[in-house]
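> Quick one, fold the following:
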Amino acid sequence: MLRTSRLYVTAPVGGPAGQPSYRNAVIRWRPPPEAATPARTLAALHAIEARHGRTRRVRNEARTLDLDLLAWGDRIVREPRLALPHPRALERSFVLAPWAEIGPDHRDPLTGTTVAEAWARLRAAGAEEPRPDPEAAWPPEARVR
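All right, here's what the predicted structure looks like:
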């Protein structure tokens, strides 16, 4: 891991009613050689989700773990199972708050907007701000301080 944000508590977006709050974070990492392409990395993320009991029956259903690949540098990928940059990342406070903490200068290759600019725009529009989870067990050696 190169950098990781704090964990943030957020309400679920979409999906069935009655879902619990989520914990969200953004991690910047360098993939190992066996996962050094976006498609392989996404497959590895899905395998991790499956090991943690994740199933994909209903869109936006409550889940044990949800790992998204948000960006791969300035690459643009549009495939049936993979879209980079993530098509809704710049619209979601639960993505932008932690991402702005560790990568505010990342520039979306489609819009030219930085993460910091997108987060400021969303806050100005009245988006609910995720709150850091003060009780989160998170590896202190990996945290940005």
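
> Tell me the gap between the helix ranked longest in the chain and the middle of its chain.
Counting by DSSP state H, the longest helix found in the chain is helix 38-51. Helix 38-51 has its average C-alpha position 14 Å from the chain's average C-alpha position, going by CA atoms, centre = their mean, to the nearest Å.

> got a list of contacts for that helix?
The set of residues external to helix 38-51 that reach it, using CB atoms under 8 Å, 6 or more residues apart in numbering, is 31, 34-35, 63-69, 72, 75, 77, 79, 81-82, 84. Placement of C-beta: from N, CA and C, glycine included.

> List buried members of these by neighbour count.
Applying 16 or more other CB atoms under 10 Å to the contacts of helix 38-51, the neighbour count classes 35, 63, 67, 69, 72, 82, 84 as buried.

> Parallel or antiparallel, which strands does the worst-scoring helix or strand of the chain on mean pLDDT pair with?
When each helix and strand of the chain is scored by mean pLDDT, DSSP states H and E, strand 22-24 comes last, with a mean of 84. Each strand pairing with strand 22-24, determined using DSSP bridges, is listed with its direction: strand 8-10 (antiparallel).

> what's around Gly15, how many residues?
Other residues lying near Gly15 total 13 when counted by other CB atoms under 10 Å.

> Which secondary structure state does it sit in?
Per DSSP: H, G, I helix; E, B strand; the rest coil, the local secondary structure of Gly15 is coil.

> pLDDT below threshold where in this protein?
Confidence mapping of the chain against pLDDT under 70 gives the ranges 1, 56-64, 137-145.

> residue ranges for the helices of it, please.
For the chain, the helices identified by DSSP H occupy 38-51, 93-102, 115-124, in order along the chain.
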